[in-house]
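Enquirer: all I have is the shape, not the residue letters:
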């Protein structure tokens with residue numbers, strides 16, 4: 001295969017390894033192998049996102065590279081992949097590498113080839129920039145340790161929230177011994193040296209692939225943040241590669257990211273987020289989870305904007321961290337007494353109105369029904 005064919009093939013095969021928020025696998029770069037990854041506060045940065053190989057011994061029902069599929073296969077040699085990356089880097093087309101892989105023979109041998117690629121970049125080419133390495137489920141401790149020494153970020157894809165659900169997706173992976181144990185190793189290794197993996201450890205779920213509820217996913221997400229010290233949890237809506245299975249709507253992925261943002265950034269507890277779930281344990285498609293949580297706690301509202309704490313402000317639909325901080329800063333100089341002031345502070349006033357109050361407010365929030373019609377605008381989940 002010529003180099004461009006191989007690049008396009010192995011870049012396309014990496015589509016479902018996620019490193020951004022909802023819908024982020026849909027690349028907007030004209031070159032398939034250049035992925036514009038979102039970075040908080042910095043917009044997007046171009047990464048070389050690719051697989052070492054799309055040969056794989058696993059039978060994951062969500063994966064385009066699963067064993068037995070009649071598709072073109074190819075692999076990079078470590079020297080070849082490192083040289084290709086440096087050519088792209090020298091041309092200023094990319095600034096970092098996101099390297100994943102299928103498992104061609106076994107997990108450790110695949111990881112060794114990925115690590116060889118990374119060592120060549122670090123030592124032969126003196127590349128000191130960003131590298132995200134996927135750790136293969138079942139890889140040896142030595143491979144995991146070396147990954148933490150060489151990469152800025154590592155991740156082990158968890159895919160499913162329990163062994164029973166994972167068994168519906170693949171017959172080849174064990175949640176505890178192949179995946180969670182590797183996460184614990186990463187946490188243990190990083191705890192001994194705070195200079196290792198400065199961008200932390202992440203993971204990814206395939207949402208809805210095994211029939212699990214959002215409650216199952218959110219509960220496991222909360223546990224991973226608390227027990228494993230993960231930096232991020234990503235979600236990929238299940239897209240089947242086998243006929244007869246239905247894809248999961250992208251809106252479900254979006255709602256999961258919104259609840260993740262509430263827990264990880266806004267400081268909502270797991271018990272608070274549970275309030276957004278319906279009786280089946282799923283998030284509603286038609287409403288922002290933050291709005292549902294507020295509607296189910298009407299005794300907390302309306303809050304007085306001139307007296308409320310940051311934690312109270314952040315729980316108001318339409319008020320995010322930036323707006324909450326701006327309100328607190330503004331109160332040091334003057335009282336909040338108009339909707340126009342709030343709009344300048346990036347408050348979504350249509351969403352916030354039923355939950356706030358200030359002296360002189362034209363439509364006192366107490367006279368508005370929390371369960372009546374509300375503005376449909378939503379807080380956007382930052383990347």
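Expert: That came through, no problem. Note that the structure is a prediction, hence the values are computed from the model and not measured.

Enquirer: which stretches in this structure count as strands?
Expert: Along the chain, the stretches classed as strands by DSSP state E are 34-39, 43-51, 96-100, 130-134, 153-155, 201-207, 232-237, 303-304, 356-357.

Enquirer: got the angle for the first one vs strand 96-100?
Expert: Just to be clear, that refers to strand 34-39. Counting by axes from the mean of the first three to the mean of the last three Cα atoms, to 10 degrees, strand 34-39 points 100 degrees away from the direction of strand 96-100.

Enquirer: grab the nearest non-local neighbour of residue 215.
Expert: Leaving out its chain neighbours, the residue that sits closest to residue 215 by Cβ to Cβ, 6 or more residues apart in numbering is residue 281, at 3.4 Å. Bear in mind the C-beta positions are built from the backbone N, C-alpha and C, glycine included.

Enquirer: ok, now how distant is that neighbour from residue 217?
Expert: When Cβ to Cβ, to the nearest Å is the yardstick, residue 281 and residue 217 sit 9 Å from each other.

Enquirer: one more: residue 7?
Expert: As for residue 7, its distance to residue 217 is 34 Å (criterion: Cβ to Cβ).

Enquirer: those two: which has the busier surroundings?
Expert: Residue environment comparison for residue 7 versus residue 217 gives the larger neighbour count to residue 217, 26 against 22, counting by other Cβ atoms under 10 Å.

Enquirer: my guess is that one contacts residue 206. True?
Expert: No. Under the criterion of Cβ atoms under 8 Å, residue 217 makes no contact with residue 206, lying 10.0 Å away.

Enquirer: mind listing the residues bridging to the residue nearest to the spatial centre of the chain?
Expert: The centre of the chain sits closest to residue 234, judged by Cα atoms, centre = their mean, with a distance of 2.6 Å. Bridge pairing for residue 234 (DSSP bridges) gives the partners residue 204.

Enquirer: next one: residue 357
Expert: Listed by DSSP bridges, the beta-bridge partners for residue 357 are residue 304.

Enquirer: settle this for me: it is touching residue 306, isn't it.
Expert: No. Applying Cβ under 8 Å as the test, residue 357 and residue 306 come out as separate, 9.2 Å apart.

Enquirer: which one of the two has more residues nearby?
Expert: Counted by other Cβ under 10 Å, residue 357 and residue 306 do not tie: residue 357 has more neighbours, with 19 against 15.

Enquirer: what is the helix or strand bottoming out on mean pLDDT in the chain packed up against?
Expert: For the chain, using mean pLDDT, DSSP states H and E, the weakest element among its helices and strands is strand 34-39, scoring a mean of 78. Here strand 34-39 touches strand 43-51, going by 3 or more Cβ pairs under 8 Å, 6 or more residues apart in numbering; DSSP states H and E.

Enquirer: name every strand pairing with the strand it packs on and say which way it goes.
Expert: The partner list of strand 43-51 in its sheet, established with DSSP bridges, is strand 34-39 (antiparallel), strand 96-100 (parallel).

Enquirer: point out where the stretch 1-150 of the chain drops to low pLDDT.
Expert: With pLDDT under 70 as the threshold, the stretch 1-150 of the chain has low-confidence stretches at 1-2, 18-30, 39-42.

Enquirer: rerun that using 80 as the cut-off
Expert: Under the criterion pLDDT under 80, the flagged ranges of the stretch 1-150 of the chain are 1-3, 15-32, 38-43.

Enquirer: residue 205: neighbour count?
Expert: With other Cβ under 10 Å as criterion, residue 205 counts 27.

Enquirer: for the residue lying closest to it once chain neighbours are set aside, which residues are in contact?
Expert: In space, not counting the residues next to it along the chain, residue 205 is nearest to residue 235; the distance is 5.2 Å by Cβ to Cβ, 6+ apart. Taking Cβ atoms under 8 Å, 6 or more residues apart in numbering as the definition of contact, the neighbours of residue 235 are 18, 22, 204, 205, 207, 217, 253, 256, 257, 260.

Enquirer: out of those, which sit inside helices?
Expert: Among the contacts of residue 235, the residues falling in helices (DSSP state H) are 217, 253, 256, 257, 260.

Enquirer: so which of the residues you listed is the most crowded?
Expert: When these are compared by neighbour count (other Cβ under 10 Å), residue 217 ends up highest, at 26 neighbours.

Enquirer: follow-up on the earlier one: can I get the strands paired with strand 43-51 in a markdown table with distance to residue 161?
Expert: As requested, those are arranged in a markdown table below (distance: least, Cβ to Cβ, whole Å):
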| stretch | distance to residue 161 |
| --- | --- |
| strand 34-39 | 25 |
| strand 96-100 | 21 |
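
Enquirer: separation between residue 120 and residue 113?
Expert: Going from residue 120 to residue 113 by Cβ to Cβ gives 11 Å.

Enquirer: hmm, I was thinking of residue 58
Expert: As judged by Cβ to Cβ, residue 58 and residue 113 stand 17 Å apart.

Enquirer: okay, now the residue lying closest to residue 35 once chain neighbours are set aside: neighbour count?
Expert: The shortest distance from residue 35 to any non-neighbouring residue, by Cβ to Cβ, 6+ apart, is to residue 49 (3.7 Å). For residue 49, the number of neighbouring residues by other Cβ under 10 Å comes to 27.

Enquirer: wait, what's in contact with residue 49?
Expert: Here residue 49 is in contact with 11, 14, 17, 19, 33, 34, 35, 37, 98 (criterion: Cβ under 8 Å, 6+ apart).

Enquirer: the third one: what's its closest spatial neighbour, skipping adjacent residues?
Expert: So the one you mean is residue 17. residue 100 (4.6 Å).

Enquirer: burial of the one you found, as a residue count?
Expert: Residue 100 has 23 nearby residues by other Cβ under 10 Å.

Enquirer: cool, residue 317 as well?
Expert: Applying other Cβ under 10 Å, we find 28 other residues in the vicinity of residue 317.

Enquirer: the stretch 201-350 of the chain: helices as residue ranges?
Expert: 214-223, 250-261, 270-274, 289-295, 310-313, 321-331, 339-344, 349-352 (DSSP state H, counting those that start in this stretch).
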